[in-house]
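J.: build me a model:
(2 chains)
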Amino acid sequence: MRPLPYLRRALAIAALVIIAAALAACSDPTPTPTAQPQATPTPAPQVPGSLVIYSGRGESLVDPIIQQFADVTGIDVEVKYGGTASLAATLLEEGTNSPADVFYAQDPGGLGAVESLLAPLPADILERSPEWARSPQGLWAGISGRARVLVYSPDRVPESELPADIFDLTDPKWKGRIGWAPTNGSFLTMVTGMRKLWGEEKTAEWIEGMVENDAIIYPKNTPQVAAVAAGEIDIGLVNHYYLYRFISEEGEDFAARNYHPAGGGPGALVMVSGAGILSTAENRENADRFVEFLLGTVAQQFFAGQTFEYPLVEGVNINRLLTPLDEIARPDIALADLSDLEGTTAILRDLGALP
Amino acid sequence: MPPVFIWLPAAAIGLLMLLPPVYLLVRTLESGTAGLDVLFSMRTLGILLRTVLLVGIVTAACAAIGVSLAWLTLRTDLPYRRVFGMLTALPLAIPSYVFALLVITALGPKGMAQGWLEPLGVDRLPSIFGLPGAALTLTLLSFPYVMLPVKAAIQRVDPAMEEAARSLGRSSMEAFFSVTLPLLRPAIVAGSLLVALYTLSDFGAVSLLRYQTFTWVIFIQYETAFDRSIAAALSLALTALAIALLIAESRTRGSARYYRITPGAQRVPHIANLGRWRWPAALYAATVVFFSLAGPMALLVYWVVRGVAAGEPLDLLWSNTVSTIYVSALAATAAAVAATPVALLTVRYPGWVSSVLERLAYVGFALPGLAVALAFVFFGASVLTPVYQTTFLLVTAYVVLFLPASVGATQTALKQVSPRLEEAARSLGKTPFHAFRLVTLPMLSKGIAAGAALVFLLTMKELPATLILSPTGFRTLATSVWSAASEAFFARAAMPAILLIIAAGIPTTLLILREQEER
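T.: Sure, this is the predicted structure:
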């Protein structure tokens, strides 16, 4: 018999490692705070303390600005990144035991889902966000704007042919040429807006028309932008900022452009990412400071310059590549009124756009 | 009655595995009949059929590729077989959504392949979307699930059996097919089961390649309706589907014996001479390696280069690489330790208790990672608060998710060890534990190592549980890939993906080195 000290040793080490990990986990649930440089010019009030953020917005987008907040304030910031929907589900499962202080979400839908867990924001912070972009109960504030657009192929769709209203996409001439992402949060919010603006009947008509036109189902926005450039579809229903990321990575000749429907309507809706503070937040003061920071000039400038989004506070310039907000025929609708996701998924399901 | 050192840990593992189903049941009961309405809608039933079709195709293809490559790289004079042996295990480390993205870039409309064929007058390739693309992607990613356990099993088969067949006039190839292949059946079935369950639970590939499976329906509930109860009801239905698969599998098993009953001598296995098939076989292996690893890798490198050329900083992500390897190694060892008592109980002490335990062990693997993660949030935030969002709970969740990978490999190994050896040790006065440690465990080591390697590779690319359950601020390579790819920063996503594949080389190289040590 071949002796196997090798395996036995490996198992022993494994067991030790596991026990050690368990002990470490039990004895010290909070990781030791790393020393923060105190050399920043802004004086930090007493002990900076810590802050736990659940971010449904991607790390590659918002990490730089969160780091900046940590550096300026000296606060020990911990971020859990994830999808907005799965973090909302996590918050709901955690209930009052959640370690989170702030929920920073991709869309109002995610914030709406956890509204029962949120505490009202201080009025002076809340009111930095425009009225249409915040919760009427003051539970969350819009942070940055994103416009719904049609991403189209300038080669195959001449400007004169672009529809003035997305209802025109039900015209048979678009059969097989359009894409959508019916499971995407922004898309669903747009359909909820559609139900407010057009009523249930016309919305149903539009969905049926899109299904009849064999709209290709994509899992989310980015593959649609890629598909337009690749020639798979001619028009996709997306948010405005993805295009600029493709252009900055693949160059100016990337074969797709954005179009804001000239006739307005739900296709020209402008939505927001937003943030709310948990009522169980242990670091309430720091949470307030963070939301205030996101609505301050520095962060807003960052969103305009780096993520190609629309700043929501006065006096911050938008990226020169974007169409200014006041040139978009934005429908007059408060985002807080767009929380009835259940009704929207029900109608999409009934008409076969969703299972 | 099994000895305490078997039943006590096995019972603890069984309880642990019950957590996700219990959580799902709690949430399902909240939903009333809404979950049932979705489940029994015609559309869902259609999707269920499509899911079964995909699972069938992928499983059959993986079994064919996995078994053929295992044999070619271990028992033939295939050129460069050690290199092939190592490279063919690596695709397991590529996250399915990354692979799907690469497939679309290469073979999709206006993709690279079409660009190359355009001068030849091809202006439209057959569509990659739907069943063909999803089946291709999942097959190329998952055939190692079959290959690795089959390789471990081939090494345990006594070469004397093939020799007997050859001495009776069979060629080496005939001897392999008539003698060795049937002995590999437990390994093939265990591997195929992993493929089937993985296909059932995959979301990344099927969503990007637009083939709507059952898991996709579950995700829509979480993503669009923020509805945990309907999602839970559907997840329970998925569990039922997985259990049906497991029962079907156990029906095929019968009561065959896979170990040798007479003593044999250590000997060098016979290496089949492929003759004029040597180079065609190498071409076949090279084709698999090209499509499953080299091609994707080349495309990722291209993305990195293009990104760097456009001014993207080149980030080597050391801390993410270290934490990925650290947490995967923890999960692999924990799963190996947890799998051993489960395998001992299910193989040596058959009965209803062990068949229930065996099926429970597989449940986590078939469930969407998000559902399992939320189960741990549910129990973690309320009952297990001290360990919530710690590495300990994260590793526990990994064990629940990936236990079948190591249980399957260990069971297969155990089936090839004759219980008489333990009995002999017992009759010489050893306690059951000593008999196990001195006789059985050394003979199981290869199976355990193969299982641990599988768990390592699976953990490296795991995403939903890692995002939700990890300590805040904890980043792995998989979370970096996801974070960049989901925002369409492909250049930034490529570097961690490459590192993921390189890190996957660690366990596979160790396995290959042990193979060589034997010779």
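J.: contact partners for residue A:292?
T.: A:125, A:128 (CB atoms under 8 Å, 6 or more residues apart in numbering or on different chains). Every C-beta, even on glycine, is put in place using the N, C-alpha and C of the backbone.
J.: just the pLDDT for it.
T.: Residue A:292 is assigned 96 on the pLDDT scale.
J.: A helix includes it, no?
T.: Yes: assessed with DSSP: H, G, I helix; E, B strand; the rest coil, residue A:292 lies in a helix.
J.: from memory residue A:267 sits against residue A:191, does it?
T.: No: Residue A:267 is not in contact with residue A:191 according to CB atoms under 8 Å; the separation is 10.8 Å.
J.: out of these two, which sits in the more crowded spot?
T.: residue A:267 (28 against 24; other CB atoms under 10 Å in any protein chain shown).
J.: how about the more buried one, nearest residue that isn't a chain neighbour?
T.: Distances taken as CB to CB, 6 or more residues apart in numbering or on different chains put residue A:166 closest to residue A:267, at 3.3 Å, once the chain neighbours are dropped.
J.: my read is that that neighbour contacts residue A:261, right?
T.: Yes: Residue A:166 lies in contact with residue A:261 (CB under 8 Å); the separation is 5.8 Å.
J.: common neighbours of these two, please.
T.: Here residue A:166 and residue A:261 have A:150, A:267 as joint contacts, going by CB under 8 Å, 6+ apart.
J.: return the residues in contact with the residue nearest to residue A:267.
T.: Counting by CB under 8 Å, 6+ apart, residue A:166 has contacts A:150, A:206, A:237, A:261, A:265-267.
J.: which of the residues you listed fall within helices?
T.: Within the contacts of residue A:166, residues falling in helices by DSSP state H are residue A:206.
J.: among the contacts of residue A:166, which one has the most neighbours?
T.: Ranking those using other CB under 10 Å puts residue A:267 first, with 28 neighbours.
J.: quick one: that one from chain B, how far?
T.: Look at residue A:267 and chain B: by CB to the nearest CB, to the nearest Å, they are 19 Å apart.
J.: now do the same contact list for that residue.
T.: Counting by CB under 8 Å, 6+ apart, residue A:267 touches A:148, A:150, A:165-166, A:190, A:237, A:261.
J.: quick revisit: spatially, which two of the contacts of residue A:166 are the most separated?
T.: With CB to CB as the measure, no two of those lie farther apart than A:150 and A:206, at 14.0 Å.
J.: do I have it right that residue B:419 meets residue B:349?
T.: No: with contacts counted by CB under 8 Å, residue B:419 stays clear of residue B:349, the gap being 10.6 Å.
J.: spatially central residue for chain A, please.
T.: With distances taken as CA atoms, centre = their mean, residue A:106 lies nearest the centre of chain A, 1.8 Å away.
J.: circling back to that earlier point, which one of the contacts of residue A:166 sits closest to chain B?
T.: The shortest approach to chain B among the contacts of residue A:166 belongs to residue A:237, at 15.1 Å (CB to the nearest CB).
J.: now the residue nearest to the centre of chain A. Nearest residue, chain neighbours left out?
T.: Residue A:106 sits nearest to residue A:84 (CB to CB, 6+ apart), 4.0 Å away.
J.: which non-adjacent residue is nearest residue B:193?
T.: Per CB to CB, 6+ apart, closest to residue B:193 is residue B:249, 5.6 Å.
J.: counting by contacts, list what the helix or strand in which residue A:192 is found packs against.
T.: Following DSSP states H and E, one finds residue A:192 within helix A:185-198. Here helix A:185-198 touches helix A:108-113, strand A:140-152, helix A:200-212, strand A:235-239, strand A:270-278, helix A:341-350, helix B:214-225, going by 3 or more CB pairs under 8 Å, 6 or more residues apart in numbering or on different chains; DSSP states H and E.
J.: now with 7 Å?
T.: helix A:108-113, helix A:200-212, helix A:341-350 (3 or more CB pairs under 7 Å, 6 or more residues apart in numbering or on different chains; DSSP states H and E).
J.: what's the most buried one of these?
T.: Of all those, helix A:108-113 has the most neighbours on average by mean count of other CB atoms under 10 Å in any protein chain shown, namely a mean of 27.
J.: do that helix and chain B meet?
T.: Yes: under the criterion of CB under 7 Å from any CB of the partner chain, chain B is reached by helix A:108-113 at residue A:113.
J.: what's in contact with that helix?
T.: When contacts are defined by CB atoms under 7 Å, 6 or more residues apart in numbering or on different chains, helix A:108-113 is touched by residues A:56, A:84-85, A:88, A:103, A:105, A:140, A:185, A:188-189, A:272, A:274, A:276, A:335-336, A:338-339, A:341, B:226.
J.: just the buried residues out of those residues, in ChimeraX syntax.
T.: Selection command for ChimeraX covering only the buried members of the contacts of helix A:108-113, criterion 16 or more other CB atoms under 10 Å in any protein chain shown:
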select /A:56,84,85,88,103,105,140,185,188,189,272,274,276,335,336,338,339,341 /B:226
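J.: quick check: buried residues in stretch A:50-65?
T.: Quick answer for stretch A:50-65 (16+ other CB under 10 Å): A:50-62, A:65.
J.: ok, stretch B:93-112 next?
T.: Judged by neighbour count using 16+ other CB under 10 Å, the buried positions of stretch B:93-112 are B:93-111.
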